[in-house]
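**Student:** Sharing a model that was predicted from the sequence below.
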Amino acid sequence: MKLVLSGISFAVALALALPVVALAQENWQVSLTKKQGRAAAQIAQQKQPTVMAISPDGAWGNSWGTQTLDQGKARAIQYCRQNLKPGQRDCMVYAVNGKPVLPAVVSTKRVSKVYKPLSARSAAAFFGLAAVNFRGNPELALADYQALKANPAHALRGDSRLQAVLKGKSLMHARKSPEFAIALEARGGEQHARGNSGVIWMRFDRWVATRDGLLCLYNRVWSTGKQAGTECYIINQIANGKVSGAWASKPRTNRPLLVIAGDARYGNAR
């Protein structure tokens, strides 16, 4: 196995962590549009913590029932930002648990670039591809998958270096359809996919990537509560974030992926 890990440079990582970069700043006297007002009244009835984020140009996003308030604030802003257009003023947290938290006048910022999920092309242009290079062993990876399929207790040996560079990234289908983003978190992750009725999501509680290139997502559960079991992908090669490989259940069908250097599940702006 040849493994070259260039990762994301410190400067890029720092830039991703910094606040949204704006084109200009201006003051705005806080007020809600009629649609924002109706949305604020509706979210006040939801399970706490509730958070509402708004843009002076009419966009808004709501979240409720998250594990932490900080998570709720982040989600509300992300949902709001996916409704922005370049040149519009950025989103900000307006209310927490139904109570406004903004002062009467705030400084606003205009955004120059917007990402709206779940387009792989847009995600690659916004976040960039992760600078990861890897070569697997498809035959051994398939054998490992077949052993797992025959015996769910079969233990896969994770490769710490490969897992380290995939953690915090998103996997997306390189082609236009189907549209999905698999976020690989430190512990588990989520897959968001576009269906006929909109975006649906699935949670998995852990994942493993082996030295031969077998990536498995364990104990997947849809947001509806329906169990989906374990799914695996065979990584033949990763070249600067472009993945060639196949889903292990159909190893002869090439399904290229992209390793996105960011969380492509939610909207974002800068």
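**Tutor:** Arrived safely, thanks for sending.
**Student:** Excluding covalently adjacent residues, which one is nearest to the residue sitting furthest away from the middle of the chain?
**Tutor:** Distance from the C-alpha centroid of the chain peaks at residue 104, with 33.3 Å (Cα atoms, centre = their mean). In this structure, residue 104 finds its nearest non-sequential neighbour in residue 30, 6.1 Å apart by Cβ to Cβ, 6 or more residues apart in numbering. Where you see a C-beta, it was placed from the backbone N, CA and C, and this is true even at glycine.
**Student:** The one you found - how many residues pack around it?
**Tutor:** Residue 30 has 15 neighbours, counted by other Cβ atoms under 10 Å.
**Student:** residues in contact with it?
**Tutor:** 94, 100, 102, 103, 104, 105, 106 (Cβ atoms under 8 Å, 6 or more residues apart in numbering).
**Student:** what's the neighbour count on the fourth one?
**Tutor:** So that's residue 103. 9.
**Student:** how much space between it and residue 191?
**Tutor:** Residue 103 sits 39 Å away from residue 191, going by Cβ to Cβ, to the nearest Å.
**Student:** Please apply the same query to the second one.
**Tutor:** According to Cβ to Cβ, residue 100 and residue 191 sit 35 Å apart.
**Student:** quick one, which of these two is more surrounded?
**Tutor:** Counted by other Cβ under 10 Å, residue 100 and residue 191 do not tie: residue 191 has more neighbours, with 21 against 14.
**Student:** So for the one helix or strand residue 144 maps to, what gets flagged as buried?
**Tutor:** Per DSSP states H and E: residue 144 is located in helix 138-150. For helix 138-150, burial by neighbour count (16 or more other Cβ atoms under 10 Å) applies to 138, 140, 141, 142, 144, 145, 148.
**Student:** what's the next secondary structure element after it?
**Tutor:** Per DSSP H and E, the helix or strand that comes after helix 138-150 is helix 160-166.
**Student:** Could you name the helices and strands sitting against that following helix?
**Tutor:** The contact analysis (3 or more Cβ pairs under 8 Å, 6 or more residues apart in numbering; DSSP states H and E) places helix 160-166 against strand 3-5, strand 132-135, strand 198-209.
**Student:** What strands flank whichever helix or strand comes after it, and is each parallel or antiparallel?
**Tutor:** Next along the chain after helix 160-166, taking DSSP H and E as the criterion, comes strand 170-173. Partners of strand 170-173 in the sheet, by DSSP bridges, are strand 180-184 (antiparallel), strand 257-260 (antiparallel).
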